[in-house]
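Asker: below is the structure, and that's it, no one-letter string:
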């Protein structure tokens with residue numbers, strides 16, 4: 001864990017929290033929203049990690065608030081980490097939730113490397 005007492009979760013918006021046809025928000029993805037809300041309720045830090053900017057970003061943040069998700073940070077690193085390691089462009093998190101992501105274990109399996117790794 002990056003912080004001793006809580007996890008940092010970075011979550012994408014389009015295709016993860018909501019079905020969208022950018023910039024239009026179509027429908028919530030309820031299972032993910034409920035999961036994020038449960039993580040937040042346990043005291044974890046939740047960061048909205050999205051390529052949206054300007055009005056589409058404001059619309060997404062407002063929509064999430066209407067769904068009951070209040071983010072600790074939006075496209076920003078946690079100040080304690082900035083203080084400790086310095087500022088960087090990549091959001092530092094213990095968990096990244098994104099519809100476009102692939103877990104390294106899944107990738108290894110897909111590439112057929114499982115038996116080759118020592």
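Answerer: That came through fine. Given the structure is predicted, the values throughout are model-derived calculations rather than measurements. Numbers count the residues shown, from 1 in each chain.
Asker: buried sites along stretch 60-74?
Answerer: 60, 61, 63, 64, 67, 69, 71, 73 (16 or more other Cβ atoms under 10 Å). Bear in mind the C-beta positions are built from the backbone N, C-alpha and C, glycine included.
Asker: contacts for that stretch next, please.
Answerer: 13, 17-18, 25, 28, 33, 36-37, 40, 45-48, 50, 52, 57, 78 (Cβ atoms under 8 Å, 6 or more residues apart in numbering).
Asker: just those: which are in strands?
Answerer: Taking DSSP state E, the ones among the contacts of stretch 60-74 that sit in strands are 18, 25, 28, 45, 46, 47, 48.
Asker: list buried residues within these.
Answerer: By neighbour count, with 16+ other Cβ under 10 Å, the ones in strands among the contacts of stretch 60-74 hold 18, 25, 28, 45, 46, 47, 48 as buried.
Asker: would you turn the residues you listed into TSV with distance to residue 96?
Answerer: Below are these laid out as TSV (distance: Cβ to Cβ, whole Å):
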residue	distance to residue 96
18	17
25	21
28	20
45	13
46	12
47	10
48	12
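Asker: tell me the one among the residues you listed nearest to residue 93.
Answerer: Each of those was scored against residue 93 by Cβ to Cβ, and residue 47 proved nearest at 6.5 Å.
Asker: if you rank every helix and strand of this protein by mean pLDDT, what lands last?
Answerer: helix 104-110 (a mean of 79; mean pLDDT, DSSP states H and E).
Asker: check which helices and strands it sits against.
Answerer: Helices and strands touching helix 104-110, by 3 or more Cβ pairs under 8 Å, 6 or more residues apart in numbering; DSSP states H and E: there are none.
Asker: close enough to count as contact, residue 19 and residue 29?
Answerer: Yes: counting by Cβ atoms under 8 Å, residue 29 is a contact partner of residue 19 at 6.4 Å.
Asker: so where's the protein uncertain?
Answerer: Along the chain, the parts satisfying pLDDT under 70 run over 113-118.
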